[in-house]
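Visitor: Give me a 3D structure for the following:
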Amino acid sequence: DKLWSKDTLDQGAEQVRRILRDLEGPADLAWFLRSLVPERSPLLPVRARREQLLLIAEAVRHFGASVISAGVLRDRVLPAVVAFLALNGADVQETVARSLSEIMEHLCSEHRADGDPLQEVCAPVLDALMQPLSACSGWDVAARQQCIAVLSSLMPLVLRRAEAESRGAAMREYLTGAGDELMATLLSMPSGAQQQGVLQCIVHLAVGAPDCILSHADALAELCVSHLVDSPSQPASYAQLAGEVDSAIPQRPPSPKRCRELTRDLALICCLCLRHLAEDVAGEWGEQPGGAFLARHRRDVKSALGRDNLNLQRLVRSNELLRQAIARAWQAWEPGQQGRASRGGAHHGEETAGAEASPGRQCDRGFSKTASLKELTTPLLRDPIPDRRPQRRCSS
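Guide: Residues are numbered from 1 along each chain as shown. Next up is the predicted model:
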């Protein structure tokens, strides 16, 4: 009851922590979760829900690896955490990602010697986040978008674990299946705004586990080119004013959920995807199949990335990050550049900002959508390259 009021929130949370210290065994954890997260009367204040998520992560740390063997992690903990995204999840999306990250880090570090932390911890977490993405799950579009955002935040952690573990072959098979599900979700979404988060997850896979998306490389290249060429980008403000037509009947603006508009973030993700398809995925294929893949799509990709594509070029103004992403993608698709990947990127030794242990909302921001995208784009500004695209052809 004290979690309802901001005046007694801290006191109530401390009393719950004292109760938690006296509990033992998975049965007590199941009772603790039922009491902390009641199904019939969920807590509405955002601060209270954030405190609930942090207390769930503390409970998992308190009980340790016993939550895996008893099945409490898959049956109780993960559904309770993911369910927060269905209840105005935009307010607690960062905290959900932080809570799941702490659970994964702790359980993977304390796994049994004969166990597989990737299959017993990481795979159930990804399953819990990908289950609402199916069309028949009953979740609305906004809640599914929050699941995708959390999935994108946790994907680098899972890929680092898969690379560090010597028994990562089974996890590679699982990630291949996850790539298939992400592609099915991507193709079922009508707008670029909805596809952006799924594309970001796929780019993480292309960097950390390129062999998991080999079968979807052609579809991804075609989709990114389609966005850069066919999805209209937002014109400048002066162009909008000049094109206005007086009308007595006010025009209703198109729904952002259905409109295919090329935003700066979507263009950035598409350029990153094209770059890593050429550098990582084509290099994973080998010289002959990878070269054939690049030859099939090189003309269309060069046309989409070129300066003559004003749909993309108008977004480059005052945007050095997008300019560098285009330059890197252009360089990757040049003949003779196959497989020359900078495989020391975000998943290979760099930790996310959210992995640092710091209390408060500041730590939650390390798992935001911006932080997840920043992990992919930081190498672009660290080592900039010149833009070698040819200049626009003069019509005269």
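Visitor: Pull out the buried residues from the strand or helix carrying L266.
Guide: Element membership of L266 [criterion: DSSP states H and E] is helix 264-276. Applying a neighbour-count criterion of 16 or more other Cβ atoms under 10 Å, one finds D265, L266, A267, L268, I269, C270, C271, L272, C273, L274, R275, H276 buried in helix 264-276. Where C-beta positions appear, they are placed from N, C-alpha and C, glycine not excepted.
Visitor: what's the answer for stretch 309-322, then?
Guide: Result for stretch 309-322 [16+ other Cβ under 10 Å]: buried residues N309, N311, L312, Q313, L315, V316, L321, L322.
Visitor: Got phi/psi on the closest residue to R74 other than its chain neighbours?
Guide: Using Cβ to Cβ, 6 or more residues apart in numbering and skipping the chain neighbours, the partner closest in space to R74 is P124 (4.6 Å). Backbone torsions for P124, taken as degrees, to the nearest 10, come to phi -60, psi -40.
Visitor: repeat for L262
Guide: Main-chain torsions, L262, degrees, to the nearest 10: phi -90, psi 100.
Visitor: What of S233?
Guide: The phi/psi pair for S233 (degrees, to the nearest 10) reads phi -80, psi 160.
Visitor: and it, how many neighbours?
Guide: 20 (other Cβ atoms under 10 Å).
Visitor: thought it was touching D265?
Guide: No: the pair S233 / D265 is not scored as a contact, 11.7 Å apart, by Cβ atoms under 8 Å.
Visitor: following the helix or strand containing S101, which helix or strand comes up?
Guide: Per DSSP H and E: S101 is located in helix 93-109. Using DSSP H and E, the next helix or strand after helix 93-109 towards the C-terminus is helix 117.
Visitor: elements contacting that next one?
Guide: Under the contact criterion of 3 or more Cβ pairs under 8 Å, 6 or more residues apart in numbering; DSSP states H and E, helix 117 touches no helix or strand at all.
Visitor: okay, now R307: neighbour count?
Guide: With other Cβ under 10 Å as criterion, R307 counts 15.
Visitor: so it sits in a strand?
Guide: No: assessed with DSSP: H, G, I helix; E, B strand; the rest coil, R307 is coil; it does not lie in a strand.
Visitor: Name the nearest residue to it, ignoring sequence neighbours.
Guide: R307's closest residue in space is R392 (Cβ to Cβ, 6+ apart), at 4.7 Å.
Visitor: Regarding the one you found, what is its secondary structure?
Guide: Following three-state DSSP, R392 is assigned to coil.
Visitor: Can you report how many residues neighbour it?
Guide: Number of residues near R392 (other Cβ under 10 Å) recorded here: 12.
Visitor: repeat for Q195
Guide: Neighbourhood size, Q195 [other Cβ under 10 Å]: 24.
Visitor: can you offset everything so residue one is 4?
Guide: Understood, numbering begins at 4; the last thing we discussed is Q198.
Visitor: Please identify which of the buried residues of helix 267-279 is nearest to K305.
Guide: L277 (10.3 Å; Cβ to Cβ).
Visitor: List the contacts of the nearest residue to the closest one once chain neighbours are set aside.
Guide: Leaving aside its sequence neighbours, L277 sits nearest to A332 (Cβ to Cβ, 6+ apart; 4.6 Å). Applying Cβ atoms under 8 Å, 6 or more residues apart in numbering to A332 gives the contacts C274, L275, L277, R278, A281, V304, L308.
Visitor: Could you give the average pLDDT over stretch 392-399?
Guide: If you average the pLDDT over stretch 392-399, you get 69.
Visitor: cool, and stretch 103-118?
Guide: On average, stretch 103-118 scores 78.
Visitor: do the same with stretch 336-348
Guide: Mean pLDDT, stretch 336-348: 61.
Visitor: One more: stretch 276-284?
Guide: Across stretch 276-284, the average pLDDT comes to 93.
Visitor: Alpha carbons of it, as PDB, please.
Guide: Taking Å, rounded to 0.1, in the frame of the first residue of the first chain, the C-alpha atoms of stretch 276-284 are listed here in PDB:
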ATOM      1  CA  CYS A 276      22.100  -2.500 -42.400                       C
ATOM      2  CA  LEU A 277      23.400  -2.100 -46.000                       C
ATOM      3  CA  ARG A 278      26.900  -1.600 -44.700                       C
ATOM      4  CA  HIS A 279      26.900  -4.700 -42.500                       C
ATOM      5  CA  LEU A 280      25.300  -6.800 -45.100                       C
ATOM      6  CA  ALA A 281      28.200  -6.100 -47.400                       C
ATOM      7  CA  GLU A 282      31.000  -6.200 -44.700                       C
ATOM      8  CA  ASP A 283      29.800  -9.000 -42.300                       C
ATOM      9  CA  VAL A 284      27.100 -11.100 -44.000                       C
END
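Visitor: Centroid-nearest residue for the protein?
Guide: Most central in the chain under Cα atoms, centre = their mean is S155, positioned 1.6 Å from the mean C-alpha point.
Visitor: list the contacts for it?
Guide: Counting by Cβ under 8 Å, 6+ apart, S155 makes contact with G200, Q203, C204, H207, K372, S375.
Visitor: Which of the three states applies to the second one?
Guide: Under the three-state scheme (three-state DSSP), Q203 adopts helix.
Visitor: The closest residue to it other than its chain neighbours: which element?
Guide: Sequence neighbours aside, S155 is the residue nearest to Q203 in space, at 4.8 Å (criterion: Cβ to Cβ, 6+ apart). Here S155 sits within helix 144-167, counting by DSSP H and E.
Visitor: buried residues in that helix?
Guide: The neighbour-count check on helix 144-167 (16+ other Cβ under 10 Å) flags 146-165 as buried.
Visitor: likewise stretch 23-42?
Guide: L23, P29, D31, L32, A33, F35, L36, L39, V40.
Visitor: phi, psi of the last one?
Guide: For V40, the backbone dihedrals are phi -120, psi 80 (criterion: degrees, to the nearest 10).
Visitor: Number of residues surrounding the closest residue to it other than its chain neighbours?
Guide: Once flanking residues are discounted, V40 sits nearest to A83: 5.0 Å by Cβ to Cβ, 6+ apart. A83: 18 surrounding residues under other Cβ under 10 Å.
Visitor: can you tell me which of the buried residues of stretch 23-42 are in helices?
Guide: The helices, defined by DSSP state H, take in L23, P29, D31, L32, A33, F35, L36, L39 from the buried residues of stretch 23-42.
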